[in-house]
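Asks: would you be able to build a 3D model of this:
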Amino acid sequence: MNYYIFGGSGFIGTHLINLLSQKFGGSNIYNLDIVENNHSGKSIFIYCDVRYEITLNIPVTENDIIFNFSAVHTTPGHPDHEYFETNIKGAENVTAFAEQFNIKKILFTSSIAPYGASEEMKTEETLPMPNTPYGISKFVAEKIHMVWQAKAESERQLTVLRPGVVFGKGENGNFTRLYWGIKKNRFFYPGRKDTVKASIYVKDLVNFMLYKISRDKKNIEIFNCAYEPAFTIEEISNAMMKATNMNRKIYKIPGGLLKFAAGIIGAMGGKSFGIHPDRVNKLMISTNINGEKMKNSGYQFLYTFDEALEDWFKDNDKRFLK
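Replies: Below you'll find the model as predicted:
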């Protein structure tokens with residue numbers, strides 16, 4: 001059996017390749033990406049731009065498995081058209097590749113962005129109402145994968161994951177910025193401390209992927225991936241400080257003032273502060289997804305939230321989080 005990981009050089013892909021190599025060392029693990037990541041011989045890199053037709057000069061069988069992580073996802077950070085070009089064309093070309101070789105299992109990592117920004121808790125049954133180019137493109141990509149499954153629904157298995165904030169070694173995203181903001185006394189609660197930020201540790205996420213893909217269920221399953229219940233930004237900050245032996249006082253300041261300051265700092269080229277008005281906005285709006293379905297799926301979490309932060313700190317030799 002071969003494993004094809006589209007977007008395998010990224011944060012989640014790297015962790016999945018490490019796990020696959022531990023569990024299925026005798027299998028071919030292909031990393032299909034536009035940037036090569038050093039996986040120390042754990043995977044075979046093939047340059048692949050999913051915006052274009054996928055042609056691979058390697059043996060492919062119908063028993064192989066596809067993990068599709070390919071995406072332009074950083075927000076803010078890209079012109080609108082780039083989200084659509086990569087995320088939608090990528091979904092079309094990956095599913096066309098699966099169809100060409102009659103591959104029957106795809107796991108697609110989507111996002112919570114298709115739900116749209118609002119305070120209400122979202123379950124997998126919540127009507128998606130994406131309101132950003134990224135969210136719209138991811139929702140369309142989900143539908144493209146669903147069309148692929150529907151063409152042979154008695155034979156094909158599609159798993160769609162909508163993770164909250166994914167954290168762990170190599171993330172360099174929201175949790176990493178939060179850690180350094182706290183450590184350098186640059187983080188403030190923007191008008192509130194009770195913003196809910198659903199999250200999942202990357203090691204649990206990739207283990208859940210293998211758990212689901214190993215089941216032979218010829219259908220479509222969608223899962224929110226997050227600890228249940230989700231934690232507030234204050235709870236996350238306190239747990240992060242405890243896990244990394246930090247003692248800081250985090251102050252709450254008006255959100256409007258913080259956005260104004262972020263705009264000034266950004267205009268002055270202060271990217272090193274990690275402050276952007278759009279990121280301040282994101283901190284003020286909950287990403288409140290319900291993880292009950294994942295919790296009740298039969299999967300046994302490897303870590304509690306506190307244990308996950310401690311494990312991440314340990315992975316960085318107990319020096320920092322990054």
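
Asks: low-confidence ranges, the chain, go.
Replies: By pLDDT under 70, the low-scoring segments of the chain are 73-77, 255-283.

Asks: how about residue 302, nearest residue that isn't a chain neighbour?
Replies: Nearest residue to residue 302, sequence neighbours excluded (Cβ to Cβ, 6 or more residues apart in numbering): residue 204, at 5.5 Å. C-betas here are computed from N, CA, C, even on glycine.

Asks: quick one: contacts for that neighbour?
Replies: When contacts are counted by Cβ atoms under 8 Å, 6 or more residues apart in numbering, residue 204 is found next to 301-303, 308.

Asks: filter these down to the buried ones, ChimeraX style.
Replies: Buried residues within the contacts of residue 204, by 16 or more other Cβ atoms under 10 Å, are selected in ChimeraX with:
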select :301,303,308
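
Asks: got the contact list for the longest helix anywhere in the chain?
Replies: Using DSSP state H to define each element, the chain has its longest helix at helix 80-100. Here helix 80-100 makes contact (Cβ under 8 Å, 6+ apart) with 6, 50-54, 56, 66, 68, 70-72, 103, 106, 108, 133-134, 136-138, 140-141, 144-145, 147-148, 151.

Asks: export stretch 200-220 to PDB, keeping only CA atoms.
Replies: Extracted C-alpha coordinates of stretch 200-220, given in PDB (Å, rounded to 0.1, in the frame of the first residue of the first chain):
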ATOM      1  CA  ILE A 200      -6.300  20.200  18.900                       C
ATOM      2  CA  TYR A 201      -2.800  18.900  19.400                       C
ATOM      3  CA  VAL A 202      -1.200  17.900  16.100                       C
ATOM      4  CA  LYS A 203      -0.200  14.400  17.500                       C
ATOM      5  CA  ASP A 204      -3.700  13.600  18.400                       C
ATOM      6  CA  LEU A 205      -5.000  15.000  15.000                       C
ATOM      7  CA  VAL A 206      -2.700  12.800  12.900                       C
ATOM      8  CA  ASN A 207      -3.400   9.700  15.100                       C
ATOM      9  CA  PHE A 208      -7.100  10.400  14.600                       C
ATOM     10  CA  MET A 209      -6.500  10.500  10.900                       C
ATOM     11  CA  LEU A 210      -5.000   7.000  10.900                       C
ATOM     12  CA  TYR A 211      -7.800   5.800  13.200                       C
ATOM     13  CA  LYS A 212     -10.500   6.900  10.800                       C
ATOM     14  CA  ILE A 213      -8.800   5.900   7.500                       C
ATOM     15  CA  SER A 214      -8.200   2.400   8.900                       C
ATOM     16  CA  ARG A 215     -12.000   1.900   9.100                       C
ATOM     17  CA  ASP A 216     -13.700   0.600   6.000                       C
ATOM     18  CA  LYS A 217     -16.700   2.800   5.900                       C
ATOM     19  CA  LYS A 218     -17.900   3.500   2.400                       C
ATOM     20  CA  ASN A 219     -19.400   6.900   3.100                       C
ATOM     21  CA  ILE A 220     -18.700  10.500   3.900                       C
END
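
Asks: next one: it to chain centre, how far?
Replies: Stretch 200-220 has its average C-alpha position 14 Å from the chain's average C-alpha position, going by Cα atoms, centre = their mean, to the nearest Å.
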